[in-house]
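**Student:** No letters, just coordinates:
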Ligand SMILES: [Mg+2]
């Protein structure tokens, strides 16, 4: 059996953990610069607020219903996600981190009679330990597990976990599941199926496999088999050791000028980004470090580093250089003579199957094509024929009027509890 643990309304739930006054109220989390909705509480969904909707369009609804606006606090969400994923690892031999708020759980070989209880234990433990409400779905395949976890969200009486395994139960659920809600079926395929009169997941399972294969490729056929209980999509084991790509260098003479340091860091980043694309991978984390000469006596010593987490894993030089620039600006200190600088990419995963997200503002297809062109020119015309112009040093203006604090990541922001 395979499970999935999915946090409900993840970003909103993270905000609520540290601000219980938000419970029961319509809450939305906004994209960078407070522009569009990227997460909604159930109350906000009921008001008809849509994902991706720009808030200027719904100013009236917000005012009339006292909708609470939260700027996105990705540092908080990233840390809460890590906490959730760590807890899940306690319960199963293997997990697959699928997105910031979801992980697949491998229950193979476990006592089938205990899975219902185990699902509920997992759900309760994550809730108690992190404050996050989650939905645990357990079923014979990944695709069915996804459907089971959606059931938990719809039916609170399931108490956050659903073990769906009896064929008759599965059929009953599939008959009620709109075909467009099935994992892997959306957009064009949904339209195609609806035109064929295929309305539910059950209808889809009744189509001839040859037709599915022909019109929806092998991937569609995989989904078809998964819905019929045949596991086709394997759990992808995480590498126990994080793969990393690093580029660093000691300077011939010490550098105390930010511009100069920036050129170095941008160059390192460009190189690691090329290596990343060469191995057809994307990364979720970037670290910039700078340090002074350890061996020089009577000189001020500084070792600084900063990790940047990406909400969507990336291989774009543009995005990576921008992130590295911001990180460098944050750690650079005037008056120090730096001897070494470097950039490390980690949390590396294959590019195929990269998880996108609704709040993603980048046109990733465009970025990909641009990077391909850049790599091709540099390969045929010689390295560094085309390079990315480094970003300027003006502070980046980010409008985040409704930002919550770094409750779990910043000592100054830790919640104080008064006792008498
Ligand atoms: Mg979720």
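**Tutor:** Cool, got the structure. Remember, predicted model here, so these are calculated numbers, not experimental data.
**Student:** For residue 338, give its distance to the ion.
**Tutor:** Computed as C-beta to the ion, to the nearest Å, the residue 338 to the ion distance reads 42 Å. For the C-beta atoms, the positions are set from N, CA and C on the backbone; glycine is no exception.
**Student:** just checking, that residue touches residue 254?
**Tutor:** Yes. With contact defined as C-beta atoms under 8 Å, residue 338 counts as touching residue 254 (6.3 Å).
**Student:** any residues in contact with both of these two?
**Tutor:** Shared contacts of residue 338 and residue 254 (C-beta atoms under 8 Å, 6 or more residues apart in numbering): residue 292.
**Student:** tell me, how many neighbours does the closest residue to the ion within the stretch 101-250 of the chain end up with?
**Tutor:** Taking C-beta to the ion as the measure, the stretch 101-250 of the chain has residue 101 as its residue closest to the ion, at 4.3 Å. Neighbourhood size, residue 101 [other C-beta atoms under 10 Å]: 24.
**Student:** Can you report phi and psi for it?
**Tutor:** phi -120, psi 20 (degrees, to the nearest 10).
**Student:** rewinding a little: looking at residue 338 and residue 254, which is more packed in?
**Tutor:** residue 338 (24 against 15).
**Student:** Report the secondary structure state of residue 404.
**Tutor:** Under DSSP: H, G, I helix; E, B strand; the rest coil, residue 404 falls in the coil class.
**Student:** Around the ion, which positions in the chain sit nearby?
**Tutor:** 6-7, 10, 101 (C-beta under 5 Å from the ion).
**Student:** Between all of those, which two are separated the most?
**Tutor:** Spatially, the most separated pair among those is 6 and 10, at 8.3 Å (C-beta to C-beta).
**Student:** joint contacts of those two?
**Tutor:** With C-beta under 8 Å, 6+ apart as the test, residue 6 and residue 10 both reach residue 101.
**Student:** Return the item of the residues of the chain next to the ion having minimum pLDDT.
**Tutor:** Model confidence across the residues of the chain next to the ion bottoms out at residue 101, which has 91.
**Student:** wait, that one sits on residue 12?
**Tutor:** No. With contacts counted by C-beta under 8 Å, residue 101 stays clear of residue 12, the gap being 10.9 Å.
**Student:** Could you list the low-confidence segments of the stretch 101-250 of the chain?
**Tutor:** Applying pLDDT under 70 to the stretch 101-250 of the chain flags residues 237-242.
**Student:** Show the contacting residues for the most centrally placed residue in the chain.
**Tutor:** Closest residue to the average C-alpha location of the chain: residue 100 at 3.6 Å, with C-alpha atoms, centre = their mean. Residues near residue 100 by C-beta under 8 Å, 6+ apart: 10, 77-78, 81, 311, 357.
**Student:** residues touching residue 271, list them.
**Tutor:** When contacts are counted by C-beta under 8 Å, 6+ apart, residue 271 touches residue 247.
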